[in-house]
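Asks: Give me the fold of what follows.
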Amino acid sequence: MAVAGNPHRNANILERFNDNELLKRYRLNRGGIMTVVELVRDAVTSPTNRNNPITAEIKVLTTLRYLATGKMQLCSADELHISQPSVSRILHQTINALCRPHIIRQFIRFPLDVRQLHRNNAHFMDIAGLPGVVGVIDGTHVRIIAPSEDEHAYVNRKKIHSINTQIVFDASYTILDIVAKWPGATHDSRILQESGLRLLFERHHVPAGCHLLGDSGYPCRTWLLTPYIHPHPGPQLNYNRAHKKTRSVVERGIGQMKRRFHVLHGEIRLTPEKASRIITVCAILHNLCKQQNIPQPEENDDDDDDDDDDDDDVDAADEGRVAVHLQSGLAYRDQFVNIHFGDADGAGPPPAAAGLAGAGPGERAGARGAGRRGAGASS
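Replies: Predicted coordinates:
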């Protein structure tokens, strides 16, 4: 596998372009690019120097160019001078290297440390005063080419083939959890039900009183607060307004990730398995950019929201079906809203909310042995 054109010129790309030019073409600056190179160098470097092997730097730049544009042709047509067959092999090798479990865990971890959960909650409280929130969750669809197997399972409600991706953000638009593997026809609530994220909350690795916010496509639980579909004036309406304002973080976060990596905007013309890994890599790189304060590309700065509105709307019948099985979640929400958005009656927070809303989650977290580790992306 050899580089077409002048390999020495290719090797100097990082010197020829300044950070602004690198950011425009590859979505990362020089420091970010070199971080990725060191993450994958052991997995992508040729063991010999025969036939002018492609360097780890060029493999990373090729992969970033594809993620930035979604077009393999540009990887072979621009300054990298890589042949089309080589581009495909490079992408496969580099994406797989970045999707190794230890790298995913390094960049995407749901916090279990009590102090970090308190910080998350404080940042969300600053948005609209909603207590106990440690993350916001949503599903977003990424288009793929019609797969050869189980094609019907990938057709979403817009009649488009897609991967339905569950994603959780903190208030700083850092991704805390991602599940990028389910066919587009799968409902958001099913993805959550099958995820490791649910187990973190239900097995109390995340202390009581910590909440996710989700739209009405999710079942209301003691740890997942959803909006009222038909809110009454007063506390319920006030809660819905605070919920909407706070939950908008996830829509903007998804919008930021898709705007940085245009491969997520178009149709990924690969198998579902490969498309899922590409989505995960984009999430890893998104968090890398947050860690290193790498700015968003300048184009379309005023359009951060996710434009995928297929995820939010369910009718009132859905809440009725959920109520049969999850009355405790709906009752918890009513009590939560009456305490925090109604007239104070001195009753204090409900027992399950005592964690972040009251005295602090320390005892519960310690008793359950949550430790100070985080959990990687859900499976």
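
Asks: beta partners of the residue nearest to Ile160 when sequence neighbours are not counted?
Replies: Once flanking residues are discounted, Ile160 sits nearest to Arg143: 5.7 Å by C-beta to C-beta, 6 or more residues apart in numbering. For glycine as for every other residue, the C-beta is placed from the backbone atoms N, C-alpha and C. In this entry, Arg143 is beta-bridged to Ser162, by DSSP bridges.

Asks: Might one say that Arg143 is in contact with Glu267?
Replies: Yes: with contact defined as C-beta atoms under 8 Å, Arg143 and Glu267 form a contacting pair (4.4 Å).

Asks: neighbour count winner among these two?
Replies: Arg143 (20 against 16; other C-beta atoms under 10 Å).

Asks: Would you mind measuring from the closest residue to His340 other than its chain neighbours to His204?
Replies: Computed as C-beta to C-beta, 6+ apart, the closest residue to His340 that is not its neighbour in sequence is Pro131, at 5.9 Å. Pro131 sits 19 Å away from His204, going by C-beta to C-beta, to the nearest Å.

Asks: Burial check on the closest residue to Gly70 other than its chain neighbours, number of neighbours?
Replies: Distances taken as C-beta to C-beta, 6+ apart put Val263 closest to Gly70, at 3.8 Å, once the chain neighbours are dropped. Counted with other C-beta under 10 Å, the neighbours of Val263 add up to 21.

Asks: so Val263 touches Leu64, yeah?
Replies: No: with contact defined as C-beta under 8 Å, Val263 does not reach Leu64; the gap is 10.3 Å.

Asks: Could you report the pLDDT at Arg16?
Replies: For Arg16, the pLDDT comes out at 87.

Asks: Ok, the one 5 residues further on next?
Replies: Among the per-residue scores, Glu21 holds a pLDDT of 93.

Asks: before we move on, back to that, any idea how far the residue nearest to Ile160 lies from Lys71?
Replies: According to C-beta to C-beta, Arg143 stands 14 Å off from Lys71.

Asks: Same check on Pro183?
Replies: Taking C-beta to C-beta, one finds Pro183 at 25 Å from Lys71.

Asks: Between the two, which is the more surrounded one?
Replies: A direct count of neighbours by other C-beta under 10 Å for Pro183 and Lys71 places Pro183 higher, at 19 against 15.

Asks: That one: what's its closest spatial neighbour, skipping adjacent residues?
Replies: Among residues not flanking Pro183 along the chain, Ala153 sits closest, at 4.0 Å (C-beta to C-beta, 6+ apart).

Asks: buried ones in the helix or strand where Leu22 lies?
Replies: Taking DSSP states H and E as the definition, Leu22 sits inside helix 19-26. By neighbour count on 16 or more other C-beta atoms under 10 Å, the buried set for helix 19-26 is Leu22, Leu23, Arg25, Tyr26.

Asks: Could I get the phi/psi values of Gly214?
Replies: Main-chain torsions, Gly214, degrees, to the nearest 10: phi -140, psi 170.

Asks: Equivalent analysis for Thr69, please.
Replies: The phi/psi pair for Thr69 (degrees, to the nearest 10) is phi -110, psi -30.

Asks: Tell me, how many residues neighbour it?
Replies: 20.

Asks: residues in contact with the spatially closest residue to Leu225 that is not a sequence neighbour?
Replies: Excluding the flanking residues, the one nearest Leu225 by C-beta to C-beta, 6+ apart is His211, at 5.1 Å. Applying C-beta atoms under 8 Å, 6 or more residues apart in numbering, we find His211 in contact with Gly132, Val133, Val134, Trp223, Leu224, Leu225.
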